[in-house]
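In: I need the structure of the sequence given here:
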Amino acid sequence: MGTYRNIKCGYCSYSFTGGYKLHDGPRVKLGVPYVKCPKCGRLNKTGLRPWSAFTKSQKFFYWLQNIFYATLIGGMLGIAAGAGINSCSGKNNFGDSINDLLLPFLIGALIGNLIVLNGNRLEIKSTEEQINSTEYQSYFKNK
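Out: From the prediction side, this is the model:
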């Protein structure tokens with residue numbers, strides 16, 4: 001069962017998530033550490049960290065967890081796609097051997113990892129650009 005969270009401003013209770021959203025759990029979180037509330041203008045901690053603040057072990061764990069989830073989910077989708085293609089072709093023996101499951105799993109896992117790793121690379125780049133932006137830096141210089 002999933003965990004749902006509603007992240008709110010600590011001062012005016014503005015909802016940053018727009019209500020309850022599914023929470024990722026104990027994964028290493030990447031993002032900006034502070035966000036300015038659009039309603040009251042006050043600064044709130046997010047519990048996230050930019051890539052540049054990760055330790056070597058956190059970076060390793062971040063990539064490991066994302067590769068694990070992409071392999072698992074991509075592989076399952078690959079098997080489901082293989083079963084669907086097999087049933088459309090009129091064959092009813094899909095899954096009789098390990099090879100019937102292994103190839104779709106590997107193809108799905110490969111595609112899933114390519115998509116996730118590219119998305120993570122773009123997310124890291126975007127987060128670091130936000131942290132280094134003049135607006136973000138100037139806010140902290142004034143405090």
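
In: all strands of this protein, in order?
Out: Taking DSSP state E as the test, the strands found in the chain are 3-5, 21-23, 34-36, 43-45.

In: now these in CSV, with mean pLDDT?
Out: Output for the strands of the chain, formatted as CSV (pLDDT from 0 to 100):
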stretch, mean pLDDT
strand 3-5, 77
strand 21-23, 74
strand 34-36, 85
strand 43-45, 86
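
In: out of the ones you listed, which gets nearest to N113?
Out: Among the strands of the chain, strand 21-23 comes nearest to N113, with 22.0 Å by C-beta to C-beta. Placement of C-beta: from N, CA and C, glycine included.

In: figure out which of the strands of the chain is closest to L122.
Out: That would be strand 34-36 among those, by C-beta to C-beta, at 19.6 Å.

In: mind listing the strands that closest one pairs with, and their directions?
Out: strand 43-45 (antiparallel) (DSSP bridges).

In: below-threshold pLDDT in this structure: ranges please.
Out: 1-2, 23-28, 89-97, 135, 137-143 (pLDDT under 70).

In: can you give me the neighbour number for the closest residue to G31 other than its chain neighbours?
Out: Closest residue to G31 apart from its sequence neighbours, by C-beta to C-beta, 6 or more residues apart in numbering: L48 at 3.2 Å. Neighbour count for L48, taken as other C-beta atoms under 10 Å: 15.
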